[in-house]
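What shape does this take:
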Amino acid sequence: MTSSNTDLETNRSSPDVIKTPTKMSFARKWGPSLVAIAGVLAVNMFMLGPTLNNVPELTKKQLHARKLGEERTKAIMNMDFDARSDRKLGRGFGSRNLSEEEGGIMEYTRRRHRALGEYVHEDVSDEFSSFGKWSVSIIYFAFWVFLMFPNWFLPIGRPGIALGGGLSMVVWRFILFSFGHGPIFYAERVIIMEPLFLLFGLMLTTIYLEKMEQGGIFDKLRNSLDDAVNWKRSLKIMTMSTIGSAAVMNDSVVLIFSGVVVDLCVRHKVSNSLPYLLSLASTANIGSAHTMTGNPQNILIVSLAYDDITWFEFAKNMFFPVLAASFVNTLCMFLYFGTELFPGSSGVVENIGILFGGRKTPEIIALENAYAAKISAMPEEDESKGWSLWSKLQVLVTISFLICFALGFDVCVVSITAGAILMVIAAYKHQHYDPKPDNTEYDDEGNPLPPKKMYDMDGNEIEPEEEELITESETTLTEVDYGLLLLFIGQFLLIGSFDDTGVPQKFFEVTMGECANNMTSSPCVYWFVMIVTILSNVASNVPVCQMLAATFPYATPYDWMQVSFSATIAGNLTMLGSAANMIVAFQAAKVGDRTFTSERHVPFGIPSTIACLYVGTVILTYFHFAPECSIKLGTCDEDGNAVEYYEAAGDDAAAAADEAYYNY
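Numbers count the residues shown, from 1 in each chain. A predicted model of the protein is given here:
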């Protein structure tokens with residue numbers, strides 16, 4: 001693979017020499033993507049047959065688990081309940097571990113079943129007419145194309161397109177409801193407020209970390225990622241993004257570091273910033289798959305899963321798949337963007353020598369010399385690395401933020417609180433410590449002029465009033481990217497209305513076929529992750545996870561691991577596949593870098609995503625620690641191991657175990 005961008009590349013060894021751009025052929029640009037797609041189809045057709053119908057029969061274990069699930073659902077539907085207590089629970093279902101006095105497992109199951117059906121994924125598809133479903137779907141896909149390729153149409157921008165699409169959907173749903181072609185659309189219910197609060201808090205925190213002090217923590221982070229050599233700089237970005245997304249959240253990492261990456265590209269005058277922006281976005285999604293707090297869908301999965309999934313259990317299962325996906329993505333990055341990251345190299349063989357053998361091309365040597373000369377020419381910047389009081393306060397607030405996040409406090413509250421604390425500190429610093437603006441006027445010879453005096457109508461001198469302070473509301477708060485918030489609000493409205501039609505659910509049902517009941521077992525798991533990837537890019541990964549939770553309420557922890565990994569890695573396929581991609585593109589465009597577009601993202605995203613997805617899935621399928629059974633459903637023993645009695649002694653033993661479980 002070679003680079004997909006043909007921008008001019010300056011030869012650092014001779015600043016006046018500019019390489020002549022060569023037009024990228026169709027085969028070189030899209031060849032890897034077509035090969036990856038063909039490979040996925042070939043693998044699935046080989047394992048499931050040409051018609052994808054060669055599905056293994058359900059095992060006794062799976063049949064028994066399905067029977068228990070059906071019986072459990074039937075039992076809870078006939079349970080008595082207190083409506084007042086349910087109203088107190090709101091949209092949640094409370095604790096997973098209720099005491100016997102509170103109703104135990106059965107009451108927990110009833111509460112969760114109610115939440116899944118009434119709030120997580122309410123099925124109103126049967127209230128649409130065919131015209132209603134088709135019209136809503138057409139509107140959704142039209143705006144999906146507009147959002148994917150905004151430069152093809154009017155220069156409105158993604159926030160305007162998303163908001164216009166969302167409002168158009170609200171109006172159209174009202175028209176459908178008025179004429180009996182669809183149910184009422186509760187727009188306020190589909191707008192998920194938590195991501196909006198989180199983004200606002202993160203933007204506020206990021207702005208103050210960057211603007212509070214020259215040479216502060218933000219500048220130190222930027223310097224830690226800097227390097228004279230292109231591939232080393234890209235590798236540093238990928239390493240930081242992977243670890244940071246696993247530790248905090250991918251949206252936080254890309255929001256903080258998008259500007260840093262663009263600044264580094266400007267500092268080194270790179271002609272193509274796409275490899276570095278993709279290094280940040282792609283690894284942020286991959287790294288976030290490692291922990292249950294890495295991204296919104298993982299948080300949702302852990303909250304909706306039937307069985308308890310601990311932070312350590314989640315991370316332990318995801319470690320090797322994420323490690324393998326990170327390696328594959330790095331390999332794809334260095335292959336696809338070899339021209340930009342290894343200037344002067346003759347090809348893959350020489351790139352390997354540069355990576356592992358310490359070889360250097362004349363262009364790389366020139367980059368190192370230019371960087372060293374630049375550093376030596378600015379000794380004062382290199383020497384002022386002491387930590388001032390304000391930098392220490394920034395570090396204290398940042399560490400407190402990370403600790404609160406790790407302890408499980410609400411991320412929205414933590415991020416907004418951190419931003420508010422930094423705002424108070426910055427305001428105090430500006431008022432009492434920053435130098436006051438000098439408003440003295442000077443004549444042509446540089447001599448200061450006396451202050452101008454003002455007089456009233458009677459000739460009396462007017463005493464100058466005390467200068468009014470510039471507030472944070474007039475400065476920093478205006479830098480919050482409210483357009484990004486509008487972008488997500490519009491997308492929530494579009495996606496929520498589309499999900500109401502039942503089209504995504506029908507697509508899943510039709511494409512999965514017989515594999516729907518055997519989706520995380522080989523060979524169906526490889527077809528399953530492909531369908532989840534498509535749905536995650538068309539209907540967004542969070543609604544897909546909500547749909548699967550409502551469709552398969554008794555999915556095992558292992559099932560959810562597969563869903564989490566595929567829905568997260570799928571975010572790298574297209575620009576709209578992940579919020580992190582949108583944030584990177586939006587933040588880069590805000591400072592004038594419009595390199596990160598859908599047209600340039602997809603040729604790299606398709607082969608990289610498919611390779612990462614299938615390598616990680618194979619590892620997760622054959623090397624995982626999560627139980628392939630449910631303790632709360634009764635298909636596990638006390639140690640979390642699948643009960644094998646039905647395979648050893650047949651149906652009589654299974655019936656005896658069922659009776660023992662229900663008596664317990």
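
pLDDT weak spots in the stretch 251-400 of the chain?
By pLDDT under 70, the weakly predicted segments of the stretch 251-400 of the chain are 378-386.

which stretches of it form helices?
In the stretch 251-400 of the chain, the helices defined using DSSP state H, counting those that start in this stretch lie at 274-288, 296-304, 311-336, 338-341, 348-356, 362-376, 379-383, 389-406.

Can you check which of these gets nearest to residue 198?
Residue 198 lies closest, by C-beta to C-beta, to one member of these: helix 296-304, at 8.4 Å. From N, CA and C alone the C-beta is placed, and that goes for glycine too.

For the closest one, name the packing helices and strands.
helix 541-551, helix 557-569 (3 or more C-beta pairs under 8 Å, 6 or more residues apart in numbering; DSSP states H and E).

between those helices, which has the poorest average model confidence?
Per-stretch mean pLDDT for the helices and strands packed on helix 296-304 is lowest at helix 541-551 (a mean of 89).

Any buried residues in stretch 286-303, and which?
Neighbour counts over stretch 286-303 (16 or more other C-beta atoms under 10 Å) mark 286-302 as buried.

er, stretch 82-98 actually
Quick answer for stretch 82-98 (16+ other C-beta under 10 Å): 86, 93, 94, 96, 98.

Could you do stretch 313-320 as well?
313, 314, 315, 317, 318, 319.

ok, now stretch 393-412?
For stretch 393-412, by 16+ other C-beta under 10 Å, it's 393, 394, 397, 398, 401, 404, 405, 411, 412.

and which of those residues is nearest to residue 251?
So of the buried residues of stretch 393-412, ranked by how close each gets to residue 251 (C-beta to C-beta), first place is residue 411, at 9.6 Å.

ok so, going back, can I get the buried residues of stretch 82-98 in JSON lines including pLDDT, secondary structure and distance to residue 635?
Formatted as JSON lines, these follow (pLDDT from 0 to 100; DSSP: H, G, I helix; E, B strand; the rest coil; distance: C-beta to C-beta, whole Å):
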{"residue": "86", "pLDDT": "82", "secondary structure": "helix", "distance to residue 635": "28"}
{"residue": "93", "pLDDT": "85", "secondary structure": "coil", "distance to residue 635": "21"}
{"residue": "94", "pLDDT": "83", "secondary structure": "coil", "distance to residue 635": "24"}
{"residue": "96", "pLDDT": "84", "secondary structure": "coil", "distance to residue 635": "17"}
{"residue": "98", "pLDDT": "87", "secondary structure": "coil", "distance to residue 635": "20"}
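
and which of those residues is nearest residue 451?
residue 94 (67.7 Å).

gap between the spatially closest residue to the closest one that is not a sequence neighbour and residue 74?
Excluding the flanking residues, the one nearest residue 94 by C-beta to C-beta, 6 or more residues apart in numbering is residue 111, at 5.9 Å. Counting by C-beta to C-beta, to the nearest Å, the gap from residue 111 to residue 74 is 17 Å.

Pick out whichever of these two has more residues nearby.
residue 111 (22 against 9; other C-beta atoms under 10 Å).

I figured the more buried one hits residue 93, correct?
Yes. Taking C-beta atoms under 8 Å as the definition, residue 111 is a contact partner of residue 93 at 3.9 Å.

looking at the helices of the stretch 251-400 of the chain, which is closest to residue 599?
helix 274-288 (10.8 Å).

for the closest one, packing partners?
helix 230-247, helix 250-267, helix 311-336, helix 338-341, helix 557-569, helix 579-590, helix 598-622.

could I get the helices of the stretch 251-400 of the chain as TSV with distance to residue 167?
TSV is the format used below for the helices of the stretch 251-400 of the chain (distance: least, C-beta to C-beta, whole Å):
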stretch	distance to residue 167
helix 274-288	28
helix 296-304	24
helix 311-336	37
helix 338-341	41
helix 348-356	49
helix 362-376	49
helix 379-383	49
helix 389-406	34
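
Out of those, the one nearest residue 621 is which?
Per C-beta to C-beta, nearest to residue 621 of those: helix 311-336, 9.4 Å.

hang on, the earlier thing: and the helices and strands packed on helix 296-304 as CSV, adding distance to residue 40?
Listed next are the helices and strands packed on helix 296-304 as CSV, based on distance: least, C-beta to C-beta, whole Å:
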stretch, distance to residue 40
helix 541-551, 18
helix 557-569, 13
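
Of all those, which one comes closest to residue 606?
Closest among those, using C-beta to C-beta: helix 557-569, at 12.4 Å.
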